[in-house]
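Asker: Dropping a prediction and its sequence here:
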Amino acid sequence: MPVERPPEAQEIQVAIEPVGKPDTAGGAASQRLTSLDAFRGFIMFWIVGGEALMCGFQKLGQNFITNGIVHQLNHTPWQGLRFYDCIWPSFMLMVGMSVPFSYAKRSKTATSRELTAHAIGRAAVLFLLGSLRESIFLGIPCLIELSSALQPIAIAYLAAFFLARKSPRFQALVAALIWAGYALLLAFVPAPGIPAGTYELNHNLVNYVDVALFRGHWAQWPYAPEGWGTVLSTIPTVSTTLVGLLLGELLRSGRPAAFRLKVIAAVGLGGVALGYALSPVVPIIMKLWTTSYGLVSAGVACLMFLLFYWVIDIGGWRRWAFPFTVIGMNALAVYFSSSVTRLSEVAGIFTHAAAPILGASEALVHAILLLAIEWLILYWMYRRKIFLRA
C-alpha cells in the first residue's frame, strides 16, 4: 500500500451502505451509524491531503511535533509500526463491520440467491476497479493488483459475506485459524534459496510467490523494491475483516452500550498485546501482513473506532465530525480522485503563480487549497445525495 498512491479507501464502500445505529437502550438498528462514516472519513483525510497538510506545516519550520506527526504519516520502511500502517487494516475492519447491517437490510426483501448474486457482483466490481486504478497508474493494462486496498477488500468482503450466516464463535475460529495458519506458513515453508522463517526484504516466501506469478508486473512496478506482498499477504487481511464482522454483529445486538464499549476495548487491547507478545518470533511487518502485524493493527483500528463510537454514537457529539462524515460517505469518489482527476494541478495553478509571495508557505497553502476543493466537491455530492458505491 504505497504512500504515493492513496490506497486504503473503503467503498471502496464495498459494504458500507447506510448502516444501522444500535439503540443505546438495546433496541433494533434504525439509523445510520454516524461514527463509522466519521471514522472512515478521518482515515481518508490523511490519505487525500492530511499528510500533505502536515508536511506543509513542517516546511514552515521543523519541530518535534510536526516531525513526529510526519514520521507517523509514512509507512514503516520494513519492520515496525506507525500510524499510517494502520490505515489499510482500518478499512478492512470497517468492511467487516458493515456486512451484518447490509445483510440484514437486504435480507428483508431479497432471497438467499439474490443476496449471493449481489455480493459476488459487488466483489467483482471492486476487483475490476482495482484493476482499472492500477492500469491508469502504470499506463498499461493490469488485471491483478493486490498490494493496495480495492482487490483485497473485494476478496475479504466476499469471505465475510459467506460467513455472516455462521455463528460468532465459528467466525472467530476462522479468523484465528487464518492468522495461525499464515504464521506457520511463513515460519515453516521454505522457497528455493530462501530458508523457512525468513522475513528479509524481498527475500521471503511472500516475495518469491509474487515474483513467480507476476514477474512481468514486478519488473516494471515502481514499488517492487519496497517489498510489498500481494498473493499470500492478502490471505490474513480476511481475519481483520472477520474481526470487523464480529464487531458489526455486536453493534447490531441488543446488548447495553456499556457492554459493547467494553467488548470493543477488550478486542482492541487484546490484539495489540497479543501481537506485540508474538513480535519477537514473528516480526511486525506490514508489507508482508505478518500475523503479529495483523493482530496489532486490527487492535489499533478497534481502539480508534471505539473512540469515534463512544463520542459520536454513545455520547451524541456529532457536529464536530461532520467534515469527516462528508468525506467518509463518498470514500470511493475520494479514492479514485487522485487517479482520474487533476485537482492537485488545478490547485497548483494558483499556488505556483503566487510562489514568490508565499515563499516557504507555498506547500501549506497548496495542501489547504486542494483539501478545500476536494471537500467542497464532496459536500456538493453529499447535499445532492450522490454517493458512489461499488
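Answerer: Received, thanks.
Asker: following the longest helix anywhere in the chain, which helix or strand comes up?
Answerer: If you go by DSSP state H, the chain has its longest helix at helix 112-138. Next helix or strand after helix 112-138 toward the C-terminus (DSSP states H and E): helix 150-163.
Asker: Now that next one: average pLDDT?
Answerer: If you average the pLDDT over helix 150-163, you get 94.
Asker: Just the buried residues of the helix or strand immediately after that helix in the chain, please?
Answerer: Counting by DSSP H and E, the next helix or strand C-terminal to helix 150-163 is helix 168-188. Within helix 168-188, the residues that qualify as buried are Q171, A172, V174, A175, I178, W179, Y182, A183, L185, L186, A187, counting by 16 or more other CB atoms under 10 Å. Backbone N, C-alpha and C define where each C-beta goes, glycine included.
Asker: Give me the nearest residue to the second one, chain neighbours excluded.
Answerer: Distance criterion CB to CB, 6 or more residues apart in numbering; nearest residue to A172, sequence neighbours excluded, is L246 at 6.2 Å.
Asker: burial count for the one you found?
Answerer: 22 (other CB atoms under 10 Å).
Asker: Please apply the same query to R165.
Answerer: Residues near R165, counting by other CB under 10 Å: 12.
Asker: That one and P89: what is the separation?
Answerer: 25 Å (CB to CB, to the nearest Å).
Asker: Ok, P222 next?
Answerer: P222 is 24 Å from P89, by CB to CB.
Asker: okay, the two: which has more neighbours?
Answerer: A count of neighbours by other CB under 10 Å puts P89 above the other of P222 and P89, at 29 against 11.
Asker: in the stretch 1-150 of the chain, which spans are strands?
Answerer: For the stretch 1-150 of the chain, applying DSSP state E, counting those that start in this stretch gives strands covering 20-21, 31-32.
Asker: looking at those, which has the lowest confidence?
Answerer: Across the strands of the stretch 1-150 of the chain, the lowest-scoring stretch is strand 20-21, with a mean of 42.
Asker: In the stretch 51-200 of the chain, where is pLDDT below threshold?
Answerer: Nowhere does the stretch 51-200 of the chain drop to pLDDT under 70.
Asker: switch the cut-off to 90
Answerer: 51-52, 59-66, 101-112, 128-150 (pLDDT under 90).
Asker: could you measure L201 against W228, distance?
Answerer: The value you get for L201 to W228, if CB to CB is used, is 10 Å.
Asker: Sorry, slip of the keys, the one I care about is M92.
Answerer: M92 is 16 Å from W228, by CB to CB.
Asker: Same check on S107?
Answerer: In terms of CB to CB, S107 sits 37 Å off from W228.
Asker: Have a look at the two and say which one is more surrounded.
Answerer: Neighbours per residue, other CB under 10 Å: of S107 and W228, the larger number sits with W228, 24 against 14.
Asker: Do you have the helices of the stretch 201-350 of the chain handy? List them.
Answerer: Assigned by DSSP state H, counting those that start in this stretch, the helices in the stretch 201-350 of the chain fall at 205-213, 215-220, 231-234, 237-252, 257-278, 291-308, 322-328, 331-340, 343-353.
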